[in-house]
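A.B. asks: sequence first, predicted coordinates after that:
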Amino acid sequence: HMSAKTENITDESGNSPNPMAKLKSVYLSVFIDVLGIGLVIPVLPYLVLSFPSSSAATVGLTIAVYSIAQVPGSIIAGAISDKYGRRVVLLASIFASALSFLFCGLARSLPTILVARAASGLTGGSISVAQAVVADVTTVEERPKYLGLIGACIGIAFTFGPGLGASVSAIVEASGGGPQEQYSIVLYTAAFFGALGFVYAWRNLEETRDLEKDKKMKIVEEEEETSDDSSSYSKYFFPIIFTLNAMFWSNYAFTVMQSTYGVLIFEEWGWSTSALGIILVVSGLEIAVLQGAFIKPIVSWTGKHVGSALSCILLGTFLAGLPVTLNVKALHFASFFFHVAGFSLGQTALPALLSRFAPKEGQGKILGLGQAAQAAARVLSPLASGFLYDNSSSIVGTDYLAPYLLGGIMCVGSGIPLVLSMMQRREGGEKKMVVVDF
């Protein structure tokens with residue numbers, strides 16, 4: 001028999017009454033995967049420098065090659081997950097990440113590390129696919145909450161991962177292990193966490209894409225379209241581009257802070273690694289708390305468009321405020337707090353907005369483009385920010401300011417079109433279509 005019902009394009013048939021039942025395994029898999037990445041942060045630069053003829057530029061290349069490879073990798077992973085399902089792509093991504101850590105630990109040459117890092121970036125689409133899983137099993141109204149929990153998992157993993165990596169290294173050193181042994185064992189530990197995440201995901205991760213039903217839904221939708229009705233991709237081309245642009249500049253602005261802040265506080269206050277570590281741990285906890293408890297109510301109150309624009313304004317404005325508040329530490333760290341808060345808000349609001357404009361059959365592809373835009377920003381920002389930081393006095397007439405000012409202006413500016421895109425909201429809040437159950 002055949003029955004028909006009308007529903008929102010983003011309100012998929014068959015959603016679980018309790019999305020957490022399907023998402024808890026996704027969250028834990030992402031947490032374990034990102035924890036492994038966080039583990040290697042304290043040791044990767046020193047591992048690279050342990051090879052002959054290595055330099056700071058070599059360290060930068062080793063870090064950047066991951067994000068460079070992630071640009072096409074995220075797009076490919078999202079598209080494959082749309083066509084063949086989310087589960088297989090998440091499993092492949094987590095497994096490849098574990099192999100990358102293993103090969104880095106075994107590496108006795110710099111080219112081997114570079115190849116392993118590039119391969120990990122190319123297959124590192126787990127975040128965009130996890131976001132697509134959330135889009136599969138939640139309604140538009142629920143989505144910010146559950147996307148925020150992905151951000152909370154990432155924030156917690158990046159908060160405790162580096163500390164755990166440093167602790168493992170210290171234990172190996174106390175046991176008489178040399179530098180190479182310290183680096184290798186930390187990387188083996190990261191590989192172990194990756195393998196653990198893979199086994200857990202293999203046993204618990206459910207497929208959330210019903211490919212056959214999606215084909216039937218698409219056929220019905222196409223039959224109902226009039227001859228002058230454009231596809232979702234063309235109809236919402238500019239809102240998608242505006243959102244991708246905001247995701248790029250938001251990550252560009254946040255990476256300005258990440259890549260230059262350690263130098264800034266060292267040159268101005270004489271603070272070094274331990275102080276920077278404490279600041280970054282506190283900011284990671286701030287992200288986790290905001291994502292877990294506050295972002296969903298904020299986005300529900302403001303709406304995705306305004307919430308996304310607000311994130312860009314906070315992130316950009318208070319980035320520009322960091323170098324101009326150095327003489328008043330209380331004001332400086334208030335600026336730092338709101339800068340991180342803006343980033344945290346954007347990590348939920350921007351993917352939720354991007355998902356809103358994406359057709360159901362293209363969630364993975366579009367969210368993959370979002371991750372690719374963020375990865376591209378993480379490549380460009382350190383290069384541009386380093387140059388601007390070193391030449392700030394000649395560019396804007398004062399030390400430190402240039403990279404923060406440029407990042408702030410571009411980030412704030414990228415938020416303005418998001419509000420304008422509200423004019424292209426789907427009719428009646430969401431596009432309607434008929435779903436046929438056979």
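C.D. replies: In hand now; what should we look at? What you see is a predicted model; the values in this text were computed from it and never measured. Numbers count the residues shown, from 1 in each chain.
A.B. asks: check which helices and strands the helix or strand where residue 132 lies is in contact with.
C.D. replies: Here residue 132 is covered by helix 126-137, with elements defined by DSSP states H and E. Judged by 3 or more C-beta pairs under 8 Å, 6 or more residues apart in numbering; DSSP states H and E, the packing partners of helix 126-137 are helix 20-40, helix 56-84, helix 86-106, helix 143-174, helix 329-357, helix 363-390. Backbone N, C-alpha and C define where each C-beta goes, glycine included.
A.B. asks: and the average pLDDT for the first one is what?
C.D. replies: Per-residue pLDDT values across helix 20-40 average out to 84.
A.B. asks: repeat for the third one
C.D. replies: Averaging the model's pLDDT scores along helix 86-106 yields 89.
A.B. asks: helices and strands around that helix, which ones?
C.D. replies: For helix 86-106, the contact count by 3+ C-beta pairs under 8 Å, 6+ apart identifies helix 20-40, helix 56-84, helix 110-122, helix 126-137, helix 179-204 as packing neighbours.
A.B. asks: with mean neighbour count as extra columns, can I get those in a markdown table?
C.D. replies: Shown next, in a markdown table, are those (neighbours: other C-beta atoms under 10 Å):
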| stretch | mean neighbour count |
| --- | --- |
| helix 20-40 | 22 |
| helix 56-84 | 20 |
| helix 110-122 | 20 |
| helix 126-137 | 28 |
| helix 179-204 | 20 |
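A.B. asks: how much space separates the nearest residue to residue 46 once chain neighbours are set aside from residue 62?
C.D. replies: When the adjacent residues along the chain are set aside, residue 46 lies closest to residue 183, with 6.5 Å between them (C-beta to C-beta, 6 or more residues apart in numbering). The span separating residue 183 from residue 62 equals 13 Å under the rule C-beta to C-beta, to the nearest Å.
A.B. asks: where in the stretch 201-350 of the chain is pLDDT low?
C.D. replies: Confidence mapping of the stretch 201-350 of the chain against pLDDT under 70 gives the ranges 211-233, 273-274.
A.B. asks: ok, which stretches of it are helices?
C.D. replies: 211-224, 232-235, 237-269, 273-289, 295-302, 304-321, 329-357 (DSSP state H, counting those that start in this stretch).
A.B. asks: between the ones you listed, which one is closest to residue 128.
C.D. replies: Of all the helices of the stretch 201-350 of the chain, the one in closest proximity to residue 128, counting by C-beta to C-beta, is helix 329-357 (8.5 Å).
A.B. asks: check the offset of that closest one from the chain's centre.
C.D. replies: A distance of 13 Å separates the centroid of the chain from that of helix 329-357, by C-alpha atoms, centre = their mean, to the nearest Å.
A.B. asks: and the angle from it to helix 237-269?
C.D. replies: 160 degrees (axes from the mean of the first three to the mean of the last three C-alpha atoms, to 10 degrees).
A.B. asks: and helix 329-357 with helix 295-302, angle?
C.D. replies: Between helix 329-357 and helix 295-302, the angle comes out at 70 degrees (the same axes, to 10 degrees).
A.B. asks: buried ones in stretch 99-109?
C.D. replies: By neighbour count with 16 or more other C-beta atoms under 10 Å, stretch 99-109 contains the buried residues 99, 100, 101, 102, 103, 104, 105, 107.
A.B. asks: make CSV out of those residues and add distance to residue 381.
C.D. replies: Written out in CSV, the entries for the buried residues of stretch 99-109 read as follows (distance: C-beta to C-beta, whole Å):
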residue, distance to residue 381
99, 28
100, 23
101, 25
102, 29
103, 27
104, 24
105, 29
107, 27
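A.B. asks: nearest to residue 205, of those residues?
C.D. replies: Checking the buried residues of stretch 99-109 against residue 205 by C-beta to C-beta gives residue 99 as the nearest, at 18.5 Å.
A.B. asks: separation between that closest one and residue 19?
C.D. replies: Distance of residue 99 to residue 19, computed by C-beta to C-beta: 31 Å.
A.B. asks: what kind of secondary structure is the residue nearest to residue 166 when sequence neighbours are not counted in?
C.D. replies: For residue 166, ignoring the flanking residues on the chain, the nearest one in space by C-beta to C-beta, 6+ apart is residue 42 at 4.6 Å. Secondary structure assignment for residue 42 (DSSP: H, G, I helix; E, B strand; the rest coil): coil.
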